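Visitor: Predicted model follows, preceded by the sequence.
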Amino acid sequence: LREHEEFTKVKNIATIELGRYEIETWYFSPFPPEYNDCLRLYFCEFCLNFMKRKEQLQRHMRKCDLKHPPGDEIYRSGTLSMFEVDGKKNKVYGQNLCYLAKLFLDHKTLYYDVDLFLFYVLCECDDRGCHMVGYFSKEKHSEESYNLACILTLPPYQRKGYGKFLIAFSYELSKKESKVGTPERPLSDLGLLSYRGYWTRVLLDILKKHKGNISIKELSDMTAIKAEDILTTLQSLELIQYRKGQHVICADPKVLDRHLKAAGRGGLEVDVSKLIWTPYK
Ligand code: ACO
Ligand code: ZN
């Protein structure tokens, strides 16, 4: 899916340095005008402040005392940690994260109103600190039952299962809120692939256990996946028939096994026992 880069609009920043990575950007991001003449930006990997020159970053790193995102650590399993950052309490961090994310997100509008969002930042931690792998944002209150606004895995970490981990995490939060959720639309093609993959695996696992004797409503209650998303996923797998005005799940075990094999690896699991979190009020 490299053709992404070719659709790129007038790109300002072509490369960023973040932690130990140099990353080519994908899309335009509306950095403040004083950065218009920059091809390369240097990010502090912890507070996400960005600078024009490497020497500025080096000076910054000597005095920046953050070693992880500025928020509560709500999950830790092995070297993986998740931090919850409140956009209202950490406005500059939230804005910096949005500028950074927009470099890899095409049709998302940038929210300056970071107050209304929580940011869930996934990190790989070592003795030097907690290094951001990716994140998702979530509205504090969503009328449309969105449980995720934007999701990003930084390019050096992509295709290793972190995206599905972030998606799974967003549904674990919805389960704790006793709500169903769905990602904000539109989805990018990579976003749709990742969601389709996640929905398929989760639903097939349950259908296999229950030998298909389960309704869409029950599936939705168990997974926090919105009924419409369950329906479109099962339809795309041709597991739905329409009988007497009703959608019926037809889960032939052989068909399930075939789909499960095609669905590939499960990826990184969220260990719910390691999530310490109460819903935002
Ligand atoms: N080519 C083909 N399939 C891919 C690719 C790719 N380059 N990347 C991901 N996929 C598909 C695969 O099916 C993959 O599962 P598999 O590896 O088991 O086959 C599945 O997506 C998920 O892969 P992960 O490794 O779990 O996901 P990743 O960490 O790469 O993150 C994400 C996925 C977040 C969409 C990432 O590609 C990204 O950040 N893209 C740029 C930003 C973006 O488009 N975000 C979504 C916008 S929509 C929204 O925000 C609501
Ligand atoms: Zn810093």
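Guide: Arrived safely, thanks for sending. Numbers count the residues shown, from 1 in each chain. Ligands and ions are numbered 1, 2, ... in the order given.
Visitor: Mind listing what's buried along stretch 107-117?
Guide: Under the neighbour-count criterion of 16 or more other C-beta atoms under 10 Å, stretch 107-117 has Lys108, Tyr111, Val114, Leu116, Phe117 buried. For every residue, glycine as well, the C-beta is placed using N, CA and C.
Visitor: List of residues touching that stretch?
Guide: Residues outside stretch 107-117 that contact it (C-beta atoms under 8 Å, 6 or more residues apart in numbering) are 29-30, 87-88, 91, 94-95, 98-99, 101-102, 137-141, 149-150, 186, 188.
Visitor: hang on, the earlier thing: which one of the buried residues of stretch 107-117 is nearest Pro70?
Guide: Val114 (12.7 Å; C-beta to C-beta).
Visitor: Distance check, that closest one against Gly87.
Guide: 3 Å (C-beta to C-beta, to the nearest Å).
Visitor: Common neighbours of the two, please.
Guide: Gly94.
Visitor: So Thr153 versus Glu143, what's the distance?
Guide: 28 Å.
Visitor: Of the two, which one has the most company?
Guide: Thr153 (23 against 6; other C-beta atoms under 10 Å).
Visitor: in the sheet, who's paired with the closest residue to that one other than its chain neighbours?
Guide: Nearest non-adjacent residue to Thr153, counting by C-beta to C-beta, 6 or more residues apart in numbering: Gly134, 3.8 Å away. Taking DSSP bridges as the rule, Gly134 bridges to Leu122, Thr153.
Visitor: Could you show which parts of this structure are in contact with ligand 2?
Guide: Cys44, Phe46, Cys47, Cys64 (C-beta under 5 Å from the ion).
Visitor: element containing the closest residue to ligand 1 within the chain?
Guide: Evaluated by C-beta to the nearest ligand atom, the chain has Gly163 as its residue closest to ligand 1, separated by 2.3 Å. Assigned by DSSP states H and E, Gly163 falls within helix 162-176.
Visitor: Check which residues of that helix are buried.
Guide: Using 16+ other C-beta under 10 Å as the test for burial, helix 162-176 gives 162-175.
Visitor: same question, stretch 64-77
Guide: By neighbour count with 16+ other C-beta under 10 Å, stretch 64-77 contains the buried residues His68, Pro69, Pro70, Gly71, Ile74, Tyr75, Arg76.
Visitor: before we move on, what about stretch 117-130?
Guide: Using 16+ other C-beta under 10 Å as the test for burial, stretch 117-130 gives Phe117, Leu118, Phe119, Tyr120, Val121, Leu122, Cys123, Glu124, Cys125, Cys130.
Visitor: again with stretch 255-267
Guide: With burial defined by 16+ other C-beta under 10 Å, the residues of stretch 255-267 counted as buried are Val255, Leu256, His259, Ala263, Gly267.
Visitor: And the residue of the stretch 101-250 of the chain that's closest to ligand 2?
Guide: Nearest residue of the stretch 101-250 of the chain to ligand 2 (C-beta to the ion) works out as Gly129 at 10.4 Å.
Visitor: my read: that residue touches Asp65, true?
Guide: No: look at Gly129 against Asp65 with C-beta atoms under 8 Å: they stay out of range, at 10.6 Å.
Visitor: show me where the stretch 101-250 of the chain has strands.
Guide: Here the stretch 101-250 of the chain has its strands, by DSSP state E, counting those that start in this stretch, at 117-126, 129-139, 146-148, 151-153, 182-183, 240-243, 246-249.
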